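# okay, sequence plus prediction incoming.
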Amino acid sequence: MARSGSTQVHWVVRLNYRNRSLSFMLLFGVIALHWLDDPPGPLLWVLLVMQLLIYPHIAYQLARRASLMLRAETIVMLLDAGLFGCWVAVLGFPLWISFAMLVSVHINLVAFRGVPGLLSCMAASLTGVLVGMLLADVELRPDSSMQVTLACMVALSLYLLAFSHSAHLRSLSLRDAKEQLRNSQRQLQRKLEEINALQIQLRELAHRDPLTGLYNRRHLDAQLLDNVVNRKADSNLCLLLIDIDHFKRINDEFGHQAGDQVLARLAGLLTSHCRSSDIICRYGGEEFVVLMPEVTIGAAVERADAIRLAFTGLKMRFNNRDLAPTLSVGIAACPLHATSGDRLFECADQALYRAKAAGRNRTVLWSADRLSPTDPSTI
Ligand SMILES: Nc1nc2c(ncn2[C@@H]2O[C@H](COP(=O)(O)OP(=O)(O)OP(=O)(O)O)[C@@H](O)[C@H]2O)c(=O)[nH]1
């Protein structure tokens with residue numbers, strides 16, 4: 001597939017074009033100087049002009065239009081070596097000119113292709129030499145004038161300087177590119193960390209109740225199953241279902257905002273009365289759940305009652321009127337009462353229902369035959 005546009009041209013193709021145009025032009029001057037003493041026929045002059053002044057531009061156009069530019073450029077470099085070999089033979093192996101021509105093509109291939117490049121370049125040059133010897137009636141003329149020798153030295157030096165300068169510029173731009181890449185990687189890393197932090201925050205928010213800051217029902221649903229499944233074989237998992245008594249009345253009599261404050265105070269109480277391993281959730285409305293792993297049933301009942309008493313003892317005043325809220329608690333234990341999360345919750349709910357039915361402001365532990373309310377006066 002053909003390509004166009006200088007921005008898409010491979011940097012090796014562009015670099016070689018610059019270096020090739022320069023070095024071939026210098027060589028044209030050197031060979032022209034060499035021929036001044038003993039000019040050849042017009043055919044050789046035409047061929048020299050085509051080879052050293054026109055060919056670099058044709059080679060560039062071919063390479064930049066190739067679908068595999070680097071491969072095309074490598075072929076052009078080998079063609080350079082072959083043609084130079086041919087010229088060396090046709091010229092009669094003039095020492096300095098041959099040296100300058102062969103060194104320049106070999107350096108180019110070694111720079112881009114390493115040792116394999118050197119070997120293929122040597123093979124191409126040798127082939128060129130053989131072709132040149134076959135085509136022309138080769139007459140050995142290794143000597144050249146002092147001017148030609150000097151011109152060769154200058155041409156080769158200029159070429160090497162241009163080549164080194166290109167390499168230097170290339171290494172600078174590579175260094176810049178590496179630095180940019182490192183900066184982009186750092187920025188990307190930062191963005192990823194921000195995204196991760198936001199995801200964690202979002203996950204956390206999705207599992208929190210905005211009013212109380214406690215976990216919500218979604219979190220409980222996920223944790224309940226997890227805690228039941230991963231419960232240590234010899235330990236209890238207790239579920240406390242806590243419901244504020246006559247909460248509707250509180251709202252109606254003291255206002256919704258007062259109701260919100262009662263909910264927030266209860267959330268505070270739960271947090272201060274529970275262990276860090278307990279999972280405290282606002283299950284919905286005025287209902288709260290505390291999931292207590294690795295606890296004895298007695299300790300869970302005690303803790304529930306401590307919460308209940310602390311809540312009853314809250315001194316709250318709204319609109320110059322005292323508010324004395326109470327709550328009821330239903331408790332169930334895994335594995336004594338239930339071995340699945342759903343059943344555990346159901347048992348705690350039935351126990352809570354009994355607590356409400358028995359007059360509220362009490363803690364009831366679920367049991368298979370009877371539900372045992374703890375009278376507030378007895379605890
Ligand atoms: N202030 C406030 N009220 C809420 C919130 N969520 C639910 N409620 C109210 O909580 C009340 C719950 O009332 P009920 O389910 O009838 O229960 P109750 O009045 O507590 O009666 P018992 O549970 O039987 O003691 C309803 O009036 C709801 O509007 C909330 O976030 N803030």
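Ah, there it is.
# list the buried residues in stretch 110-130.
Ala111, Arg113, Gly117, Ser120, Cys121, Met122, Ala124, Ser125, Gly128, Val129 (16 or more other C-beta atoms under 10 Å). To be clear about C-beta, it is placed using only N, CA and C from the backbone, and glycine gets the same treatment.
# restricted to helices, list those residues.
Ala111, Arg113, Gly117, Ser120, Cys121, Met122, Ala124, Ser125, Gly128, Val129 (DSSP state H).
# tell me how many other residues surround Phe84.
27 (other C-beta atoms under 10 Å).
# list the buried residues for stretch 65-82?
66, 69, 72-82.
# what does stretch 45-62 give?
For stretch 45-62, using 16+ other C-beta under 10 Å, the buried residues are Leu48, Gln51, Leu52, Tyr55, Pro56, Ala59, Tyr60, Leu62.
# and which of those residues is nearest the ligand?
Tyr60 (77.0 Å; C-beta to the nearest ligand atom).
# skipping adjacent residues, who's closest to the closest one in space?
Ranked by C-beta to C-beta, 6 or more residues apart in numbering and with sequence neighbours excluded, the top spatial neighbour of Tyr60 is Tyr17, at 4.2 Å.
# next, the one you found: phi, psi?
In terms of degrees, to the nearest 10, the main-chain angles of Tyr17 are phi -60, psi -50.
# I'd say it and Pro56 touch.
Yes: counting by C-beta atoms under 8 Å, Tyr17 touches Pro56, with 6.8 Å between them.
# could you tell me the model confidence score at the residue in the stretch 251-379 of the chain that the ligand sits nearest to?
Residue nearest to the ligand within the stretch 251-379 of the chain: Gly259 (2.6 Å; C-beta to the nearest ligand atom). The per-residue pLDDT reported for Gly259 equals 96.
# any idea which element the closest residue to it other than its chain neighbours lies in?
Distances taken as C-beta to C-beta, 6+ apart place Asn251 nearest to Gly259, at 4.1 Å, with adjacent residues excluded. For Asn251, the host element (DSSP states H and E) is helix 247-254.
# list the buried residues in that helix.
Neighbour-count burial for helix 247-254 [16+ other C-beta under 10 Å]: Phe247, Ile250, Asn251, Phe254.
# now the stretch 101-250 of the chain, which segments are flagged as low pLDDT?
When residues are selected by pLDDT under 70, none of them lie in the stretch 101-250 of the chain.
# tell me the residues of it that contact the ligand?
Leu211, Asp243, Ile244, Asp245, His246, Phe247, Lys248, Arg249 (C-beta under 6 Å from any ligand atom).
# ok, residues contacting the helix or strand where Arg265 lies?
Using DSSP H and E, the element containing Arg265 is helix 256-273. For helix 256-273, contacts defined as C-beta atoms under 8 Å, 6 or more residues apart in numbering pick out 211-214, 242, 244, 247, 250-251, 280, 282, 286, 288, 290, 303, 306-307, 310-311, 314, 316, 318-319, 323, 325, 327.
# residue boundaries of the strands in the stretch 251-379 of the chain?
Counting by DSSP state E, counting those that start in this stretch, the stretch 251-379 of the chain has strands at residues 279-284, 287-293, 316-318, 321-323, 327-334, 363-365, 372-374.
# now the ones you listed as CSV including distance to the ligand, mean neighbour count and mean pLDDT?
CSV is the format used below for the strands of the stretch 251-379 of the chain (distance: least, C-beta to the nearest ligand atom, whole Å; neighbours: other C-beta atoms under 10 Å; pLDDT from 0 to 100):
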stretch, distance to the ligand, mean neighbour count, mean pLDDT
strand 279-284, 7, 21, 96
strand 287-293, 8, 24, 97
strand 316-318, 12, 14, 90
strand 321-323, 12, 12, 92
strand 327-334, 7, 27, 97
strand 363-365, 14, 28, 97
strand 372-374, 15, 17, 51
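# output those strands as TSV; include the columns distance to Gly268.
Output for these, formatted as TSV (distance: least, C-beta to C-beta, whole Å):
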stretch	distance to Gly268
strand 279-284	11
strand 287-293	12
strand 316-318	12
strand 321-323	16
strand 327-334	14
strand 363-365	19
strand 372-374	23
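# out of the ones you listed, which comes closest to Ala233?
strand 327-334 (11.7 Å; C-beta to C-beta).
# convert that closest one to PDB, retaining C-alpha atoms only.
C-alpha atoms of strand 327-334 as PDB (Å, rounded to 0.1, in the frame of the first residue of the first chain):
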ATOM      1  CA  LEU A 327     -36.500   0.500  71.600                       C
ATOM      2  CA  SER A 328     -37.100  -3.200  71.300                       C
ATOM      3  CA  VAL A 329     -34.600  -5.900  70.300                       C
ATOM      4  CA  GLY A 330     -35.100  -9.300  68.700                       C
ATOM      5  CA  ILE A 331     -32.100 -11.600  68.900                       C
ATOM      6  CA  ALA A 332     -31.300 -14.900  67.100                       C
ATOM      7  CA  ALA A 333     -28.100 -17.000  67.000                       C
ATOM      8  CA  CYS A 334     -26.400 -19.100  64.400                       C
END
